[in-house]
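# missing the sequence, but the structure's below:
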């Protein structure tokens, strides 16, 4: 098996989408970063800086001290959200990265679209399906390109897994298991006054914040969209009284492929994706968190091959792809329409959790 | 973590149920083996022989040549099924192990009960819930002890996992993933003329034959029974036209614990049980097949401990427990009532697969 695999897994971390010469880029895409939470500061800004196709030039946040701190750390201009929306600094950026609370994506994306800027919006797209649709519409109406921040899709481990599936290494896929969990309040210092616990701002917690990872990654590696979804949400602790603390869901893909997923904001850390086919099992474990080295294993006929490869900076890869596609004038795979399929699925799972019945996504199409 | 664990996992393979001295057993329980398929011949007969509390004395099967072959190999008396049912050899055994096709368990268990013999019946108990109830009734009416062959329950790895959960090592359990799959026709030489593909004889395939393992093992380690079940079954290939080739199901346990399970008769071999709690993840992988060395891992706060231990002969353990409890005059944990809970759950999952809706097991109780 090892020799077969070597063919597929040669140059594991190659950027298969890359047609430009990264060394020849003289004018990288200038990015305004909207929202300076821990992810933007610890991951997105370093990723933008590492990527040869992007540079951060402007930052904004409702928290003025965060803007000041980042402007002091990096060669960027800090502006207020009002200044950003008014387009005061619009000459200084070509694209806008939106990493604010879910329910505020729409206002910033709309502002960016009105300024004619390309957009990279974090997932989930918005707090509700309706607002997600309006967000996509805003970009379409303005004619600006919209990418959604599915960082797993530009992760080499995920891309290689998709290639192995495409090449038939696993045979026919039969089912998928995925799990993603964390102790959110533990990790985040127990702060219960945060937007992720506010249903108006987040649209939900375990499913919106974590569920979107297995959902979208499974769609990506299978190259297919779920036809029907069902699920259950639960909340045990007071902090999660208004949002889902845990969620479990089933995605039914064409060809009778079932994916079973669990996510939790209050469980021991887990991060695993396992695809079982007739001919092999493909396993990513760890799979989903940006801070983890990814694990990649192929199991076939009693033999397990663990693939060692150079780990990448996942957010660098995401921004490199974003900048590259803009410079090469190529479309994004994870675009607005792609993300709306997730928004419909998440909405369907929440509905199923209320009624107990599966939700047919074709009934719910826009 | 290692030092805490060592306390719990000391003497990993100890028989915590054992009160008799195995070296002092002079009259082991004499067992009649009914049904001489591959499992009985390759696993049960050797297990009975290895166990200090049992010995096989009589065998029977509808296939006379199998009876002859086993009688020639081992110091046992071969009888025809008619002779067995008539009790012709009843003086030669104290207990009866039934390992025939599911839908024939009832007739042999009834015969054994009428002879006043203790019974160890393979799981699933019978092909339908109604017949399973009649089987349990037959033993109850005759006043004979009935154990059901849940070999996982006497596996040390499963017992240690249950103890860790009981001791709170995983904190509160949040969810469970389990998967069990094989290429049944591949492994079994592609023979499509077998009882496991005949719904009259089997009652179903993936769910009845494999699903009962994760179902019962999860019940055992959680020490709880599912309140609601839902599931989906699929068949792709002609050989599985009349039974389920694949099944996925969700078990809802008290305290909002969800277990997500996949089983398949036509997928790459998988055998895994993973329990995620607030404080740790406990993993058995491989978990379910008698021929595998079990894997046992505890993952907590980024540290994974893989526990090495002496592997046991799983079927020896099962028969040792069976014989021991009879000699010690102690009850069986996996008794008929215990098995009826599985029969109700399996029946509920099949119903859910038809209607698409979850099935409340309390509505369906006998």
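Nice, thanks for sending it over. Remember, predicted model here, so these are calculated numbers, not experimental data.

# Going by C-alpha atoms from here, please, whenever you check contacts or count neighbours.
Fine.

# In contact with the residue nearest the centre of chain A, which residues?
Nearest to the geometric centre of chain A sits residue A:150, at 2.6 Å (CA atoms, centre = their mean). When contacts are counted by CA atoms under 8 Å, 6 or more residues apart in numbering or on different chains, residue A:150 touches A:122-123, A:213, A:216, A:318, A:334.

# which helices and strands sit right next to the lengthiest helix in chain A?
Counting by DSSP state H, the longest helix found in chain A is helix A:336-355. Contacts defined by 3 or more CA pairs under 8 Å, 6 or more residues apart in numbering or on different chains; DSSP states H and E place helix A:336-355 against helix A:129-142, strand A:146-148, helix A:212-222, strand A:228-234, strand A:359-360.

# Throw the contacts of residue A:150 into a markdown table and include pLDDT, neighbour count and distance to residue B:362, thanks.
Output for these, formatted as a markdown table (pLDDT from 0 to 100; neighbours: other CA atoms under 10 Å in any protein chain shown; distance: CA to CA, whole Å):
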| residue | pLDDT | neighbour count | distance to residue B:362 |
| --- | --- | --- | --- |
| A:122 | 98 | 19 | 44 |
| A:123 | 98 | 25 | 40 |
| A:213 | 98 | 26 | 35 |
| A:216 | 98 | 22 | 36 |
| A:318 | 98 | 23 | 50 |
| A:334 | 98 | 20 | 45 |
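
# Among these, which one lies nearest to residue B:302?
residue A:213 (20.1 Å; CA to CA).

# which residues sit in contact with the closest one?
Here residue A:213 is in contact with A:150, A:152, A:288 (CA under 8 Å, 6+ apart).

# Around chain B, which positions in the stretch 201-350 of chain A sit nearby?
Residues of the stretch 201-350 of chain A lying close to chain B (CA under 8 Å from any CA of the partner chain) are A:234, A:246, A:248, A:256, A:258, A:260-262, A:264, A:266-270, A:276-281, A:300-302.

# Can I have the buried ones of those residues as a PyMOL selection?
Here is the PyMOL command that selects the buried residues among those (16 or more other CA atoms under 10 Å in any protein chain shown):
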select buried, chain A and resi 234+246+248+256+258+260+261+262+264+266+267+268+269+270+276+277+278+279+280+281+300
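
# Take the residues of the stretch 201-350 of chain A next to chain B and keep only those in strands.
Taking DSSP state E as the definition of strands, these contribute A:234, A:246, A:248, A:258, A:260-262, A:264, A:266-270, A:276-277, A:281, A:300.

# and the closest residue to residue A:294 other than its chain neighbours, what does it touch?
Leaving out its chain neighbours, the residue that sits closest to residue A:294 by CA to CA, 6 or more residues apart in numbering or on different chains is residue A:286, at 5.1 Å. By CA under 8 Å, 6+ apart, the contact set of residue A:286 is A:270-272, A:292-295.

# same thing with residue A:195?
Counting by CA under 8 Å, 6+ apart, residue A:195 touches A:101, A:201-202.

# Which one of those is nearest to chain B?
Among the contacts of residue A:195, residue A:202 lies closest to chain B (CA to the nearest CA), at 22.3 Å.

# quick one: that closest one and residue A:165, what's the gap?
For residue A:202, the distance to residue A:165 equals 34 Å [CA to CA, to the nearest Å].

# Okay, now the unreliable bits of chain A?
Counting by pLDDT under 70, chain A shows low-confidence ranges at A:1-3, A:187-189, A:363-366.

# do that again at 50, thanks
Within chain A, the set of residues satisfying pLDDT under 50 comprises A:188, A:365-366.

# which SS class is the residue in the stretch 51-200 of chain A that chain B sits nearest to?
The minimum distance from the stretch 51-200 of chain A to chain B, using CA to the nearest CA, falls at residue A:174 (6.5 Å). Of the three states, residue A:174 takes strand according to DSSP: H, G, I helix; E, B strand; the rest coil.

# do you know how far it is from residue B:356?
Note on residue A:174: its distance to residue B:356, by CA to CA, is 19 Å.

# is it true that residue A:151 touches residue A:318?
Yes - here residue A:151 reaches residue A:318: they are 5.5 Å apart, a contact under CA atoms under 8 Å.

# Domain-wise, how is chain A divided?
Using automatic domain parsing, the domain ranges for chain A come out as A:14-150, A:156-311+A:335-364.

# what sits up against stretch A:28-43?
Here stretch A:28-43 has contacts from A:45, A:52-62, A:66-67, A:70, A:92-100, A:108, A:315, A:323, A:326-327, using CA under 8 Å, 6+ apart.

# Show the end-to-end separation of it, please.
Distance across stretch A:28-43, first residue to last, is 19 Å (CA to CA).

# Look at residue A:174 and residue B:356 and report which has more neighbours.
Between residue A:174 and residue B:356, counting by other CA atoms under 10 Å in any protein chain shown, residue A:174 is the more crowded of the two (27 against 17).
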